[in-house]
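# with the input below, show me the fold.
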Amino acid sequence: MLIAADSEGAMLRHGSSKVAMPGRTIAILPAGETVVDFGSKATLIRLSRVGALADGMDSANAADYASPDAAVAAPGKPSEALVAGIRLHAINALKAPADKPRLKMLRSADISINWVEYHGLRDRTALSPHDHADFEQGSLAIRGDFLHHLRVPWGADATQWQDDRHVEAPPASLMVIPPRVIHTTEGLGGGHHILLDVFCPPRADFLAKGWIANDTEYANT
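Numbers count the residues shown, from 1 in each chain. You can find the predicted model right below:
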């Protein structure tokens, strides 16, 4: 996936096809090489699974995963794309599910994202603390400052209890939330807030409920 937070004149080229990528769009790129011309101005964010990193590259936090977390479920086989070429989705055209108005979700073969955007403060009487039993969540701050609230549930072993954490997250920061950690996030200040929630593989629970806008582009779901 390639996300354009803003863009003036950016172009994508895959094989013989060229696609203009304006701001506030998300491109799902096919396998193989895609050439990006950034134009006069563009802020682009690339999302890919670890195995798709170029030869010789490693993630900055690779040491955190030297010992796998047994709570994280192993990913299944990536879904097959039914639509060829570059697929470009305008963020403003994404429709939230009627029963989940805060969700604007897209997927690729092995990633799903939720675009969270609002102006001003989030209603502190309507936050959404929750946890995930067997997968991580990455929350990427794109615009505005955020505060992540994190809580480790109490278990029978009191020596494993931890104090709640309230972590500030400026733009261009990524919070990786482990399984079973209760979490919710709110924007700080009165400005414009954009946060991207990232899941790999795509969220099976949301797929089953029809909450991912472009799921019809894929087989084996």
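# neighbouring contacts of stretch 192-200?
In this structure, residues lying in contact with stretch 192-200 by C-beta atoms under 8 Å, 6 or more residues apart in numbering are 3, 5, 45, 47, 49, 75, 110-119, 122, 135-144, 146, 185, 187. Heads up, the C-betas are built off the backbone N, CA and C, glycines and all.
# take the residues you listed and keep only those in helices.
Judged by DSSP state H, helices contain none of the contacts of stretch 192-200.
# need the buried ones from these selected in PyMOL.
Of the contacts of stretch 192-200, the buried ones go into a single PyMOL selection, burial set by 16 or more other C-beta atoms under 10 Å:
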select buried, resi 3+5+47+110+111+112+113+114+115+116+117+122+135+136+137+138+139+140+141+142+143+144+146+185+187
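# next, count neighbours for residue 183.
Residue 183 has 20 neighbouring residues, counting by other C-beta atoms under 10 Å.
# where along the protein do the helices fall?
Using DSSP H, the helices found in the chain span residues 204-208.
# any low-confidence regions in it?
Scanning the chain for pLDDT under 70 picks out 51-57, 220-221.
# find the residue at the geometric middle of it.
Centrality entry for the chain: nearest residue to the mean C-alpha point is residue 198, 2.2 Å, by C-alpha atoms, centre = their mean.
# from residue 16, how far out is that one?
31 Å (C-beta to C-beta, to the nearest Å).
# how about residue 77?
Remark: distance between residue 77 and residue 16 (C-beta to C-beta) = 30 Å.
# more crowded one of these two?
Using other C-beta under 10 Å, the more surrounded residue of residue 77 and residue 16 is residue 77, with 9 against 5.
# count of neighbours near residue 209?
13.
# swap in the one 3 residues further on?
Counted with other C-beta under 10 Å, the burial measure for residue 212 works out to 24 neighbours.
# dig out what it forms beta bridges with.
residue 105 (DSSP bridges).
# and stretch 123-139, end to end?
Across stretch 123-139, the terminal residues are separated by 19 Å (C-alpha to C-alpha, to the nearest Å).
# which parts of that stretch are buried?
Within stretch 123-139, the residues that count as buried by 16+ other C-beta under 10 Å are 131-132, 135-139.
# so which of these belong to strands?
137-139 (DSSP state E).
# and the residue nearest to residue 47 when sequence neighbours are not counted, how many neighbours does it have?
Of all residues not flanking residue 47 in the chain, residue 1 sits nearest, at 4.3 Å (C-beta to C-beta, 6 or more residues apart in numbering). When neighbours are counted by other C-beta under 10 Å, residue 1 registers 20.
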